[in-house]
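Asks: pasting the sequence and the predicted model now:
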Amino acid sequence: MVLDKRRAHLLSVIRQSTTPIPTKNLVDKMKVSQRTIYYDLEHINGWLTGQGLDPIENKHGKGYFLPQRSRNKVIISNEESFDVWQYQLSKPERELLIKAKILLEEHDASMKTFMEITGMSRGTVAKALQVIKQDFMQHGLFLHYNKGVGYHLSGSEEVKRKILSDLLSTIFSHENWHNVRPEVHKMVQPESKDPSQKLDRREHVKSLLYDAEEKMGLTLTDEMVEMLSLQILIIIRRIHSKSFIHVDSEEKGILKQTEAYQASLLITQKLEYLWDILFPDDEVCFVAMNLLGAKVQHDDFSRYTRQEMAGLKQVVQRMVSDFQTYSCVIFDDRQGLEENLISHIKPTYYRLKYGVQIANELSDSIQENYQDIYHLTKRVMIHLEYYVGQPIPDEEAAYITLHFGGWLTKEKKKVETKFKAIIVCENGIGTSNMLRSQLENLIAGLDVTATLSMREYQAGHDHADIIFSTNFIKPKNTPVIHVPAILTNLEKEHVMKRMNELFYSKGSPKDPTDHVMEVIERHATIHEKDELRRSLNQLLENKTSGTKELRKPMLNELLTDQTIQFRDSVSSWEEAITFAAQPLIEQHSIHSHYVNAMIENVNELGPYIVIAPRIAIPHARPETGVERLGMSLLRLKEPVYFSEKEKHRAQLVIVLAAIDNQTHLKALAQLTEVLSNEENVEQLIAANDSNSVIQLINQYVQA
């Protein structure tokens, strides 16, 4: 019996949890049905028993957990690269390992070796090689086979390095590829008869990277240190095989002016002395390119050159200004947001310029859970695209979404601090800030005093009441709650439950299902307890979720027959705002002084509310007179001018009354989508009844 990829992942999820995991959480994490979870658990328990280990247990009312003896053995298996797990590789894993073997160990790239590292038959490997060959050809590389020698690759060294970088990025973006990483590590690190020396080499490169951090005035994320250490070892292998990269002379001149180049010199000169290897100048520059594109945990802005800061500042300021305009919010700590964005956009710029890949395992989750913020972020990316000179990939846009999202969810709350917390997160500034905001808004009185990398945490920074960590940390004196970077509803429930157990209850609070089961047992005989419990869990989850996601109404819930008006003309823009806001006053969504605040904003800040020709969205801060979220639309046949300029005329005046920085974003994103189509704008201006407007809106509204 073997464990395939999914079941190995399921076992890993249960092993890493410090508390029993309910079935519904496993269903949510694994994206499979309850029946599949039960079937997989039965399969895993058969495998554990066969290994002489205790099977997974189900704690009544709590969920599934792995007994300590099995937990310890499985951890050992993890450290031994899952060899004893008889792990079955997926198709992408097989292809990645074969590609890595061809690129890194051409002398040993044979059918026999491919079969050994993948555990697959000759026929399966042959099929994989056909796919790989085509993929290489698309990049201008050609895979050749010489009988008795094996496979080798011809083509540009620059392209080979790019593919190797992509392979590393792929490995780090799949956190569950436990069996792939060690195999690639073996290929990357130079051959050594002494196994301890091989380990020392990687650790030695890491220590040099820590020295380089000091030289550059920043702290790299833990993940980047891992990736860069492998990247540098790959460069050493390429130099040994006399495969050198070429960097344009003009580009070298630019690179040599950076602190990253000085840091690269520090690393390469020490390696030359220690390992008897010569780094050509182009390779020193190549290391500098990778350092410039690395994600950072902290950055020192005083180290940036004046020219570097000027360009980045301008891009970020324009992005933030546009985001505020499109989202109809004003960031309370705009300077803090801009500094965090600069820290992220600087390496983003160099990654795109030099083709450096990074792992972003959160990209899909961000786009799914923060669609509205992602949509707004994509709109402001035009400034970065212009600065970089190329389109921004979705993965990079997703990370920038985290920065905006983290600041949007920061609300001014005068709440007495009850708990001091630290966050341990290896994913960088943006992810840490988003997680921080989610937790502070979820737990009343929580004050996150620091966000640390794993390295910083291990150095002894643990003065807090509670630790939230995206990595597995064994609790010492301070309790630890393990969380993902993006919290779903179920994960928020888990956090609140753990907080209640740790700080509010003397004992573990009973699950609502427990109370219902007790009542039933007092009055009836239960024959199938587990089935009843599962059914009750599903029912109660739908009826009484402990933690609700912030509800963001749809556009068609706000723009209705009662809030859409039509008028031929108005005498001034002040009258346009006043008339457009009237339905919201009648609905008691706003007070009359909110209208005054909107007019004052235009007088003070100018016609910024005209977001596009013929479209104005007047708004003001929630505290100036908003009772509840509202939106109203006034269509004018004759345009009203918000300034003397032609671009500041409007025929669609849409008043927004927001209650915070978030609740209106879904409706606003849908409105933006409607208005981004010129034909829709023409249709709205030509409309004479609310039904035709609502009909158009409904085409863009998705539940």
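Replies: Nice, thanks for sending it over. Numbers count the residues shown, from 1 in each chain.

Asks: export stretch 341-358 to CSV, keeping only CA atoms.
Replies: C-alpha atoms of stretch 341-358 as CSV (Å, rounded to 0.1, in the frame of the first residue of the first chain):
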residue,chain,number,x,y,z
LEU,A,341,4.6,49.5,-1.3
ILE,A,342,8.0,50.9,-2.2
SER,A,343,9.6,48.0,-0.3
HIS,A,344,7.7,45.6,-2.4
ILE,A,345,7.8,47.4,-5.8
LYS,A,346,11.5,47.9,-5.8
PRO,A,347,12.3,44.1,-6.0
THR,A,348,9.2,43.7,-8.3
TYR,A,349,10.8,46.1,-10.7
TYR,A,350,14.1,44.2,-10.8
ARG,A,351,12.4,40.8,-11.0
LEU,A,352,10.5,41.9,-14.1
LYS,A,353,13.6,43.6,-15.6
TYR,A,354,15.8,40.6,-15.1
GLY,A,355,13.3,37.8,-15.5
VAL,A,356,13.6,36.6,-11.9
GLN,A,357,10.8,34.3,-10.8
ILE,A,358,9.3,34.2,-7.3
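
Asks: ok, which stretches of the stretch 201-350 of the chain are strands?
Replies: 218-220, 296-299 (DSSP state E, counting those that start in this stretch).

Asks: which one of the ones you listed has the lowest average pLDDT?
Replies: Sorting the strands of the stretch 201-350 of the chain by mean pLDDT places strand 296-299 lowest, at a mean of 69.

Asks: what is the burial count for Ser572?
Replies: Under the neighbour criterion other Cβ atoms under 10 Å, Ser572 is assigned a count of 12. For glycine as for every other residue, the C-beta is placed from the backbone atoms N, C-alpha and C.

Asks: which one is it nearest to, not counting chain neighbours?
Replies: The shortest distance from Ser572 to any non-neighbouring residue, by Cβ to Cβ, 6 or more residues apart in numbering, is to Val640 (7.0 Å).

Asks: same check on His204?
Replies: His204 sits nearest to Leu274 (Cβ to Cβ, 6+ apart), 7.3 Å away.

Asks: ok, now how distant is the residue of the chain most remote from its centre from Met517?
Replies: Computed with Cα atoms, centre = their mean, the residue of the chain farthest from its C-alpha average is His523, at 49.3 Å. His523 sits 11 Å away from Met517 when distances are taken as Cβ to Cβ, to the nearest Å.

Asks: try Cys285
Replies: Distance check for Cys285 against Met517: by Cβ to Cβ, it reads 67 Å.

Asks: which one's more surrounded, the two?
Replies: Cys285 (25 against 19).

Asks: in this structure that one contacts Gln257, no?
Replies: No - the pair Cys285 and Gln257 fails to qualify as a contact (Cβ atoms under 8 Å) at a distance of 11.6 Å.

Asks: surely the residue nearest to His204 meets Val205?
Replies: No - the pair Leu274 / Val205 is not scored as a contact, 10.2 Å apart, by Cβ under 8 Å.

Asks: so these two - more neighbours on which side?
Replies: Counted by other Cβ under 10 Å, Leu274 and Val205 do not tie: Val205 has more neighbours, with 21 against 11.

Asks: my read: that one touches Leu233, true?
Replies: Yes - using Cβ under 8 Å, Val205 is in contact with Leu233, at 6.4 Å.

Asks: and the helices in the stretch 551-700 of the chain, which stretches?
Replies: Taking DSSP state H, counting those that start in this stretch as the test, the helices found in the stretch 551-700 of the chain are 555-558, 573-586, 592-605, 665-675, 678-686, 690-698.

Asks: I'd like those helices laid out as CSV, including distance to Asn500, mean pLDDT and mean neighbour count.
Replies: CSV is the format used below for these (distance: least, Cβ to Cβ, whole Å; pLDDT from 0 to 100; neighbours: other Cβ atoms under 10 Å):
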stretch, distance to Asn500, mean pLDDT, mean neighbour count
helix 555-558, 33, 92, 19
helix 573-586, 39, 95, 21
helix 592-605, 39, 93, 16
helix 665-675, 30, 89, 21
helix 678-686, 48, 93, 14
helix 690-698, 42, 92, 16
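
Asks: tabulate those helices (TSV), appending distance to Met120.
Replies: Putting those into TSV (distance: least, Cβ to Cβ, whole Å) gives the following:
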stretch	distance to Met120
helix 555-558	51
helix 573-586	65
helix 592-605	64
helix 665-675	46
helix 678-686	53
helix 690-698	51
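
Asks: before we move on, back to that, now the residue nearest to Ser572, which residues is it bridged with?
Replies: Judged by DSSP bridges, the bridge partners of Val640 are Ala650.

Asks: show me how this structure divides into domains.
Replies: 5-85, 91-188, 195-299, 304-408, 419-504, 512-543, 555-698 (automatic domain parsing).

Asks: understood, closing this out.
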